[in-house]
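Trainee: sequence first, then the predicted structure:
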Amino acid sequence: MFENLTVRLNQVFDQLRRRGKLSEVDVDAALREVRLALLEADVHFGVAKDLITRVRDRAVGASVSKALNPAQQVIKIVHEELIGTLGNVAPLNLSGPKPRAVMLVGLQGAGKTTAAGKLARLMRSAGERVMLAAADPYRPAAAEQLKQLGGRLGVDVFAAPGLMPRDLANAALRAADDGGCGVLILDTAGRSQLSEELMDELAGLHSAISPAETLLVLDAMTGQEAVNIAEGFRRRIPVTGLIMTKMDGDARGGGAISIRSVTGIPLKFLGTGEKLDALEKYDPSRLASRILGMGDVIGLIEKAESTIDPRSALTRTDRMLGGAFDLADWLEQMKQVRRMGPLAQITDMLPGRLRQAAQKSDPQDLERGFRASEAIINSMTLVERRSPEILNASRRRRIAAGSGTGVQDVNRLIKQFREAQKLFKAIKASGPGGLPKLFG
């Protein structure tokens, strides 16, 4: 989402690095470019102005002008002030007697129903017993969609089409209590735009069940309009947090940067895709790092931890460094990388030069390459995977025909595999600290 902003900011930072010592004029010129980049990304003008003012007040001080690397000092200040603009980490408040209600509100099309399923999955993985409630009697497909999500998650769904939202919510709370559920997530009705009718209904629903959390679901693709929508809801109901969906889209992302400063409502979750595991707990420091092109190594590690079996990973590492790494191991490695999510999201989390190098390749081309490589290895016999040196011309033609690829594709895969083997041997030979030595 922040790709254009990240590119613009890194261009400004590269110019700063080339100047060495910085004068006040240099800082002002750079910050004008940063301000333009923020405004082009649809950041609220007041938020952009305040951010630049705070950065300038710190960046023209004596500590920066006398620093050995003043450009890095300015970048550090921008990073810290951007974190301040994005707000603090605000975890869910699930205190009080069970079942605790979490009420999702928002306009139609923001992704409330999908967000309810994602949140249910996240909370269940944290050990909570969860129930979903279809509290939208107006959209015929809403209850059915929620039931399908509940079925995929193994989560109970309460639906009573004949009841109005307020009565349905009370009945759902009783059902959750009877079922021993600790959390009830209500997917409420929306409208195509802010209306008194919608707000009256939600206010009545809120007063009837007194939810522990009232989360407003906002579509990041609406840009600056998301701020206005949040203000409209906040004036009528006590919104306690925000879920920003479609953060994997191609919008400019300024709404996500502006919304905490303008509304005072904390961001709590970011929706980063359509799958049920594509919901991230909001962390301003990690988001700021991604905006500035520093990647999100912690997020990448968390993705790996959630999808990669540590025992099998350790076994494969031993095999790699021991020289026993084969095509079967490589196939499993590719499968686990793909389970981490879309390659575009993974490369976006890489830091610095790694990210820039990865983004030179089209993620769709990488995905096609992964699929082709899997098909080629799957077309091999177990003996061929274990001992690729036996792959003569006739075997390669058979594998190419079986995988729907060409012989040149098979040859390319074998060449890449042999280069990987050489790399692992070099890492082992370099001893402790091998990776830093090899990659600088």
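Mentor: Thanks, I have it. Just so you know, these numbers come straight off a predicted model, no measurement behind them.
Trainee: could you measure from the most far-flung residue of the chain relative to its centre over to Phe417?
Mentor: Distance from the centre of the chain peaks at Ser394, with 45.2 Å (C-alpha atoms, centre = their mean). Going from Ser394 to Phe417 by C-beta to C-beta, to the nearest Å gives 19 Å. Heads up, the C-betas are built off the backbone N, CA and C, glycines and all.
Trainee: and if you look at Gly402?
Mentor: In terms of C-beta to C-beta, Gly402 sits 18 Å off from Phe417.
Trainee: now Asp283
Mentor: On the measure of C-beta to C-beta, Asp283 and Phe417 end up 37 Å apart.
Trainee: quick one, what contacts the closest residue to Glu213 other than its chain neighbours?
Mentor: Take Glu213 and drop its neighbours on the chain: the residue closest to it by C-beta to C-beta, 6 or more residues apart in numbering is Val102, 4.7 Å away. Shown in contact with Val102 (C-beta atoms under 8 Å, 6 or more residues apart in numbering): Leu92, Leu94, Leu119, Val183, Leu184, Ile185, Leu186, Pro211, Ala212, Glu213, Thr214, Leu215.
Trainee: list the buried ones in the helix or strand that contains the third one?
Mentor: In other words, Leu119. Remark: Leu119 resides in helix 112-125, with elements defined by DSSP states H and E. Of all the residues in helix 112-125, those buried under the rule 16 or more other C-beta atoms under 10 Å are Lys112, Thr113, Thr114, Ala115, Ala116, Gly117, Lys118, Leu119, Ala120, Arg121, Leu122, Met123.
Trainee: and of the residues you listed, the nearest to Arg139?
Mentor: Comparing the buried residues of helix 112-125 against Arg139 with C-beta to C-beta picks out Thr113 as the nearest, at 8.7 Å.
Trainee: how far out from the middle of the chain is the biggest helix by length in the chain?
Mentor: Scanning the chain for the helix with the most residues, using DSSP state H, yields helix 407-429. Distance of helix 407-429 from the chain centroid (C-alpha atoms, centre = their mean, to the nearest Å) equals 32 Å.
Trainee: what is it packed up against?
Mentor: On a contact count with 3 or more C-beta pairs under 8 Å, 6 or more residues apart in numbering; DSSP states H and E, helix 407-429 meets helix 310-322, helix 327-339, helix 363-378, helix 393-403, helix 434-439.
Trainee: which of these has the lowest mean pLDDT?
Mentor: When the helices and strands packed on helix 407-429 are compared by mean pLDDT, helix 434-439 comes last with a mean of 43.
Trainee: identify the residue nearest Gly273 in space, chain neighbours excluded?
Mentor: Asp248 (5.1 Å).
Trainee: the one you found - how many residues pack around it?
Mentor: Other residues near Asp248 number 18, with proximity taken as other C-beta atoms under 10 Å.
Trainee: isn't it right up against Glu280?
Mentor: No: Asp248 is not in contact with Glu280 according to C-beta atoms under 8 Å; the separation is 10.6 Å.
Trainee: shared neighbours of these two, anything?
Mentor: Thr272.
Trainee: just to revisit the earlier point, and the helix or strand where the residue nearest to Glu213 lies, C-alpha only, in PDB?
Mentor: With secondary structure defined by DSSP H and E, Val102 is part of strand 100-105. The C-alpha trace of strand 100-105 is given here as PDB (Å, rounded to 0.1, in the frame of the first residue of the first chain):
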ATOM      1  CA  ARG A 100     -17.400 -10.400  26.600                       C
ATOM      2  CA  ALA A 101     -19.000  -8.800  23.600                       C
ATOM      3  CA  VAL A 102     -16.900  -7.400  20.700                       C
ATOM      4  CA  MET A 103     -19.100  -5.300  18.400                       C
ATOM      5  CA  LEU A 104     -18.000  -4.700  14.800                       C
ATOM      6  CA  VAL A 105     -19.400  -1.600  13.100                       C
END
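Trainee: please enumerate the strands of the stretch 201-350 of the chain.
Mentor: Along the stretch 201-350 of the chain, counting by DSSP state E, counting those that start in this stretch, strands occupy 213-219, 241-245, 267-271, 279-281.
Trainee: contacts for the second one next, please.
Mentor: So that's strand 241-245. With C-beta under 8 Å, 6+ apart as the test, strand 241-245 has contacts from 90, 92, 104, 110-111, 114-115, 119, 213-220, 226, 230, 255-256, 259, 265-271, 279, 282.
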